[in-house]
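1. Quick one: sequence plus predicted model below, questions after.
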Amino acid sequence: MVFRFSAMGDVAMLVPILRCLYKQNTNVTVTLVTRKRFVPIFKEFTALQIVTPDFANQHKGLKGLYRLYKELKQSKPHRIADIHKNLRTAVLRMFFKLSFTRINVINKGYAERKRLTDPSKKTMKPLTPQHYRYVEVFTRLGFPIDLDQHEFPLKPALLKSMMDIDLPADRKWIGIAPFAAHPGKVYPLDLMQKVVGYLQQKHSIFLFGHGPKETDQINTWAKAYPHVVSQALELPFSEQLDLIANLDVMLSMDSANGHLAANFNVPVVTLWGMTHPFLGFSPFGQNNHLLADRESFPKIPTSAYGKVIPKGYKDAMRTISPEEVIELVLDKI
């Protein structure tokens with residue numbers, strides 16, 4: 001049984017590990033406990049059992065977590081892999097320990113992370129990638145995984161709802177995810193508009209985002225440029241994943257969309273602001289990074305998730321020029 005409730009990028013990083021787990025370990029049955037909205041990410045795993053807690057109602061608070069524990073216990077798990085490690089999973093681990101279930105929990109490397117993000121006494125040393133931290137948990141539970149033996153599945157076919165979009169056959173498909181959860185990870189939109197405007201001249205651009213503000217920005221660009229496609233926003237999440245799998249390249253912030261594309265072996269170009277690849281959250285098998293200039297902004301990385309923007313660092317990502325972005329994206333097509 002695997003615990004990983006959020007965030008989407010961290011959940012998506014479990015996909016390559018599950019592929020290897022199933023292929024390299026016989027007679028293993030896996031139950032994933034995650035949020036309902038993330039279920040489509042795992043649709044390739046026909047044998048995977050998924051439990052979706054309702055933390056807002058039925059499984060809210062301590063009583064709700066005990067109720068969830070009682071439900072999970074019915075499947076009689078032999079091992080618990082906690083690759084989330086938050087307050088909720090700590091409570092669930094406590095309950096399962098009372099029934100003598102073997103448990104292992106991820107080592108998030110907080111001390112190393114703190115040294116890497118320290119504003120004045122920074123140690124610029126790459127940390128263990130998150131994918132390998134996941135692997136360590138399964139290995140300690142008796143399920144060795146070799147990520148070097150990972151194999152990508154066939155790309156999913158596009159459904160008719162996607163194929164109805166009129167796209168020129170001679171154009172490459174470029175996905176662009178210009179947003180992130182925190183402003184410290186978002187490339188300035190005026191510079192991104194230059195990237196979008198240039199790339200759409202010879203290629204079809206699919207923009208990804210969610211929420212009213214992001215949707216409005218995407219629709220604005222779609223109206224301004226003839227080869228920017230906004231219909232992807234109207235697709236169910238499951239079909240958006242199929243579209244992402246069939247892109248020729250994805251341009252993403254340090255965000256979930258990069259991980260979703262990398263899971264299908266799509267080349268991913270990532271732009272990094274207040275965060276840094278050394279923190280271990282790069283998309284699987286990818287190193288196509290463009291970083292804010294650390295000589296001008298030496299406090300980077302400022303935090304693991306881009307929440308901290310020091311005074312004077314608001315424009316750090318402007319040190320990544322649109323020309324650099326365009327060149328690297330075109331190089332990966």
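-> Thanks, I have it.
2. From now on I want contacts and neighbour counts done on CA atoms only, so please keep to that.
-> OK.
3. Which parts of the stretch 101-250 of the chain are helices?
-> 110-117, 130-140, 160-163, 189-199, 212-224, 237-245 (DSSP state H, counting those that start in this stretch).
4. Please identify which of those is closest to residue 71.
-> Smallest distance to residue 71 across those (Cα to Cα): 22.8 Å, for helix 130-140.
5. Select the helix or strand of the chain having the lowest average pLDDT value.
-> In the chain, no helix or strand scores lower on mean pLDDT, DSSP states H and E than helix 160-163, which sits at a mean of 64.
6. quick one: residue 32 and residue 47 touch, right?
-> No. Counting by Cα atoms under 8 Å, residue 32 stays clear of residue 47, with 11.0 Å between them.
7. So which of those two has more stuff around it?
-> Using other Cα atoms under 10 Å, the more surrounded residue of residue 32 and residue 47 is residue 32, with 18 against 12.
8. Pretty sure the more buried one sits in a strand.
-> Yes. Assessed by DSSP: H, G, I helix; E, B strand; the rest coil, residue 32 belongs to a strand.
9. can you pull the contacts of it?
-> Residues counted as contacts of residue 32 (Cα atoms under 8 Å, 6 or more residues apart in numbering) are 1-4, 48-51.
10. any idea which element residue 270 lies in?
-> Assigned by DSSP states H and E, residue 270 falls within strand 268-272.
11. Show me the domain layout of the chain.
-> For the chain, automatic domain parsing gives the domain ranges 2-143, 170-331.
12. can you redo the ones you listed as TSV with distance to residue 157 and mean pLDDT?
-> Output for those, formatted as TSV (distance: least, Cα to Cα, whole Å; pLDDT from 0 to 100):
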stretch	distance to residue 157	mean pLDDT
domain 2-143	12	97
domain 170-331	7	96
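13. out of those, deepest packed?
-> domain 170-331 (a mean of 19; mean count of other Cα atoms under 10 Å).
14. Now do the residue lying closest to residue 299 once chain neighbours are set aside against residue 192, distance only.
-> Nearest residue to residue 299 in three dimensions, chain neighbours excluded: residue 119, at 4.9 Å (Cα to Cα, 6 or more residues apart in numbering). Distance, residue 119 to residue 192, using Cα to Cα, to the nearest Å: 28 Å.
15. Tell me which of the helices of the stretch 101-250 of the chain lies nearest to residue 80.
-> Of all the helices of the stretch 101-250 of the chain, helix 130-140 sits nearest to residue 80, with 9.1 Å by Cα to Cα.
16. Give the other helices and strands that the closest one contacts.
-> If you count contacts as 3 or more Cα pairs under 8 Å, 6 or more residues apart in numbering; DSSP states H and E, helix 130-140 packs onto helix 14-24, strand 79-82, strand 102-105.
17. List of residues touching it?
-> Residues from elsewhere that reach helix 130-140 (Cα under 8 Å, 6+ apart): 13-14, 17, 81-83, 104-108, 144-145, 280-281, 284.
18. Then stretch 194-207?
-> For stretch 194-207, the external contacting residues (Cα under 8 Å, 6+ apart) are 167-168, 171-178, 218, 225-230, 232-233, 322-323, 325-326.
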